[in-house]
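**Student:** predicted model and sequence follow; I will ask about them next.
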Amino acid sequence: MKNQRPIVLASGSPRRRELLSGLGLEFVVLVSDINEEVDEPCSPAELVETLALKKAQAVAKQVDTGLVIGSDTIVVLNEEVLGKPKDEEEAFSMLSRLQGKSHVVFSGLAVLDVDTGGIKVGHQSTEVRMREVSEEEIRQYIATKEPMDKAGSYAIQGIGAILVEGVVGDYFSVVGLPLRLTAQFLKECGVNILEG
């Protein structure tokens, strides 16, 4: 893009990198090494917004100018947050609980303007319904290793797509970056994707 302000993605996620690239943006990646624990009890929406902002703020300290994008994604089943599995047994437990049910994926987004100190924070929530899956299918899916670094133990944009029956809401939020909200926040900070 012409006359684009420098953009930094505060995430090591290849999925977020791919989604942001799809918007035709040039950006650099700097991974934030934040502690993802939040002390006070909060809603899933507050949690992902807080973590997205913490990631953006940590990376903003490393740059002199431009916009820093932070994002965080969680899976929520019956008000319980399902993070990344610690091991294969935890992945099996999560996938067994998700199968045949609907859950909600929350993706938080923060865009921090290093030059002005301006901050935009928001989130998207999306309902995902899993089909009924046998124990054998769950074990076979875990054997692919795909679930091991994913919230809720599945990747909707990968092999995990065959477990998903339907999505109501923003598909890209489930992958890890709410693109419509990203474009909106960037435009408010002076980067209009459609102006190329």
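**Tutor:** Received it, and whenever you're ready, just let me know what you need.

**Student:** and the residue nearest the centre of the chain, its phi and psi?
**Tutor:** The centroid of the chain falls nearest to Gly176 when counting by C-alpha atoms, centre = their mean (2.7 Å). Main-chain dihedrals, Gly176, degrees, to the nearest 10: phi 140, psi 0.

**Student:** pretty sure it sits against Pro14.
**Tutor:** No. Counting by C-beta atoms under 8 Å, Gly176 does not reach Pro14; the two are 9.5 Å apart. Where you see a C-beta, it was placed from the backbone N, CA and C, and this is true even at glycine.

**Student:** all helices of the protein, in order?
**Tutor:** Using DSSP state H, the helices of the chain run over 14-21, 44-60, 88-98, 135-143, 171-175, 179-188.

**Student:** for Ile159, which of those helices is the nearest?
**Tutor:** Between Ile159 and these, the shortest separation by C-beta to C-beta is 6.5 Å, and it involves helix 135-143.

**Student:** what are the buried residues along that closest one?
**Tutor:** Neighbour counts over helix 135-143 (16 or more other C-beta atoms under 10 Å) mark 138, 141-142 as buried.

**Student:** against which helices or strands is it packed?
**Tutor:** helix 88-98 (3 or more C-beta pairs under 8 Å, 6 or more residues apart in numbering; DSSP states H and E).

**Student:** could you count how many residues lie near the nearest residue to Gly108 once chain neighbours are set aside?
**Tutor:** Leaving out its chain neighbours, the residue that sits closest to Gly108 by C-beta to C-beta, 6 or more residues apart in numbering is Val48, at 2.9 Å. The criterion is other C-beta atoms under 10 Å. On that basis, Val48 has 30 neighbouring residues.

**Student:** before we move on, what about Gln62?
**Tutor:** 12.
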